[in-house]
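J.: what follows is a predicted structure for the sequence shown.
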Amino acid sequence: MGSRSRVATLFATATLLAGATLVSGAGTAGAAGVDDFTFKVQRDPKKSFGVVVYNKGRYAGMAYWQANPIADQNIPGDALQAVDSLKDGWSIEAILMPVDRTVSTSGHTAPYISPYKTGNLAEGTTVKLRACASKGLNSSCSDYYSGRA
């Protein structure tokens, strides 16, 4: 599957998980501070899950853990990804522990989806996922949410 199809699939998944509708051509949000961010964990039945990031109640992006591969969509398993959907000047970082795996959208203009960062984990391994919104030296982070490889 091509890069465009993968991007479209991930955006559709992120929108479904967030329960939000992405608005094309949305302008830059007003100045946001670290207290303007909220987070919500969304799980799918196949062990994958995401921590959805909201800035002032607007869907801003997510940290996403893909537990199992989806071969027909060329999506790897044991994969971490960050999605930044809001042009607000904040980047999204996905952090996976205890394997110390991190991906970020920093340095890219929204909307942006990071490449997957992968590495095989034993089936059933407990992982903890966290999302952070960062801008310069400021950051706002979710709690860690547990899942399985």
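T.: Okay, I see it.

J.: going forward, measure contacts between C-alpha atoms and count neighbours the same way
T.: Will do.

J.: buried residues in stretch 114-128, which are they?
T.: Applying a neighbour-count criterion of 16 or more other C-alpha atoms under 10 Å, one finds 114, 116-117, 121, 127-128 buried in stretch 114-128.

J.: avg pLDDT for that stretch?
T.: The pLDDT scores in stretch 114-128 average 96.

J.: what helix or strand does the residue nearest to Leu86 when sequence neighbours are not counted sit in?
T.: Using C-alpha to C-alpha, 6 or more residues apart in numbering and skipping residues adjacent in sequence, the residue nearest Leu86 is Ala60, 4.7 Å away. The secondary structure element spanning Ala60 is strand 58-66 (assigned by DSSP states H and E).

J.: got any ranges where the protein has weak pLDDT?
T.: Residues of the chain that meet the criterion pLDDT under 70 lie in 1-32.

J.: just the strands in it please.
T.: 37-43, 49-55, 58-66, 79-84, 91-97, 101-104, 112-113, 117-118, 126-135, 138-141, 145-148 (DSSP state E).

J.: closest to Gln73 out of the ones you listed?
T.: Closest of the strands of the chain to Gln73 is strand 58-66, at 12.4 Å (criterion: C-alpha to C-alpha).

J.: which strands or helices does the closest one pack on?
T.: If you count contacts as 3 or more C-alpha pairs under 8 Å, 6 or more residues apart in numbering; DSSP states H and E, strand 58-66 packs onto helix 3-18, strand 49-55, strand 79-84, strand 91-97, strand 126-135.

J.: quick check: angle from the third one to strand 91-97?
T.: So that's strand 79-84. Strand 79-84 and strand 91-97 are oriented at 160 degrees to each other (axes from the mean of the first three to the mean of the last three C-alpha atoms, to 10 degrees).

J.: so what's the gap between strand 79-84 and the chain middle?
T.: Its chain's average C-alpha position is 4 Å from that of strand 79-84, according to C-alpha atoms, centre = their mean, to the nearest Å.

J.: one more: stretch 91-100?
T.: Stretch 91-100 has its average C-alpha position 10 Å from the chain's average C-alpha position, going by C-alpha atoms, centre = their mean.

J.: buried ones in it?
T.: Burial within stretch 91-100, assessed by neighbour count using 16+ other C-alpha under 10 Å, is assigned to 91-96.

J.: distance check, the nearest residue to Val83 once chain neighbours are set aside against Thr125.
T.: In space, Val83 comes closest to Ile113 once its chain neighbours are excluded; the distance is 4.5 Å by C-alpha to C-alpha, 6+ apart. From Ile113 over to Thr125 the distance is 25 Å, taken as C-alpha to C-alpha, to the nearest Å.
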